[in-house]
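Enquirer: The sequence and its predicted three-dimensional model are supplied below.
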Amino acid sequence: MNYKRYFIPNSMVFITIVTYNRKQFLLGYINLIKQSLNYAKSKIMFNIVAIAILKDHIHIIIKPKVINEYPNIVKCFKTYFSRHINIDNSNLSEGKKHKKEKGVWQSRYWAHIILDENDLYKHIDYIHYNPMKHYNVAPRDWKFSTFMRFVNNNYYDINWCNLNDINKISELDFE
């Protein structure tokens, strides 16, 4: 299958990166995720707008200095993380082993260019709603996202994600 990536200058990108076979181990590697993002930032200039780390996937919105670099940002992040994690890959196919894959990430990722301010807000909400969606944990209680940064900047009320908020967000599905 041929995937088409789009590049609109000065845009932000919503990205979803999923673990191989949706293995649920990411929360045990928060420091390595941070190191991997910092490594990618040391190689390619970008800002993180919002992020949520779940057990088996990451949602992130980035603002690359050069939009054409976002695939390289994802590659840099995934490669650094994979090289520094010790994971059992005994069940990995010979084909994947031959490609030197470790069975950490799905080979593809989802990317969406943020089109306008409304689109940005929907994706920020979706990122911070994800702990509620998957684990029934209020965003304020999820330590692995930028939610509190948004609260501190008066974007959200601390109690955001009540029933009215969920009804607006539930129509969105970026998995």
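Expert: Thanks, I have the structure now.
Enquirer: make it CA atoms for all contacts and neighbour counts henceforth
Expert: Fine.
Enquirer: Packing partners of the longest helix anywhere in the chain?
Expert: The longest helix of the chain (DSSP state H) is helix 117-135. If you count contacts as 3 or more CA pairs under 8 Å, 6 or more residues apart in numbering; DSSP states H and E, helix 117-135 packs onto strand 46-53, strand 57-64, helix 163-169.
Enquirer: and the angle from it to strand 46-53?
Expert: Angle, helix 117-135 to strand 46-53, by axes from the mean of the first three to the mean of the last three CA atoms, to 10 degrees: 30 degrees.
Enquirer: Pull out the CA atoms of helix 117-135 and give them to me as CSV.
Expert: Provided in CSV are the C-alpha atoms of helix 117-135 (Å, rounded to 0.1, in the frame of the first residue of the first chain):
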residue,chain,number,x,y,z
GLU,A,117,-7.8,26.6,14.7
ASN,A,118,-11.0,24.5,15.1
ASP,A,119,-9.2,21.4,13.9
LEU,A,120,-6.4,22.1,16.4
TYR,A,121,-8.8,22.5,19.3
LYS,A,122,-10.6,19.2,18.4
HIS,A,123,-7.3,17.3,18.3
ILE,A,124,-6.0,18.9,21.6
ASP,A,125,-9.3,17.8,23.2
TYR,A,126,-9.0,14.3,21.8
ILE,A,127,-5.5,13.9,23.1
HIS,A,128,-6.5,15.0,26.6
TYR,A,129,-9.7,12.9,26.5
ASN,A,130,-7.9,9.7,25.7
PRO,A,131,-7.3,8.5,29.3
MET,A,132,-11.0,8.8,29.9
LYS,A,133,-11.8,7.0,26.7
HIS,A,134,-9.4,4.0,27.3
TYR,A,135,-9.2,3.8,31.1
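Enquirer: quick one: it to strand 57-64, angle?
Expert: 160 degrees.
Enquirer: Without its sequence neighbours, what residue ends up closest to the most centrally placed residue in the chain?
Expert: The chain has residue 59 as the residue nearest its centroid, 2.5 Å off, counting by CA atoms, centre = their mean. Nearest residue to residue 59 in three dimensions, chain neighbours excluded: residue 16, at 4.6 Å (CA to CA, 6 or more residues apart in numbering).
Enquirer: so how far is residue 155 from the one you found?
Expert: Noted for residue 16: a distance of 23 Å to residue 155, by CA to CA, to the nearest Å.
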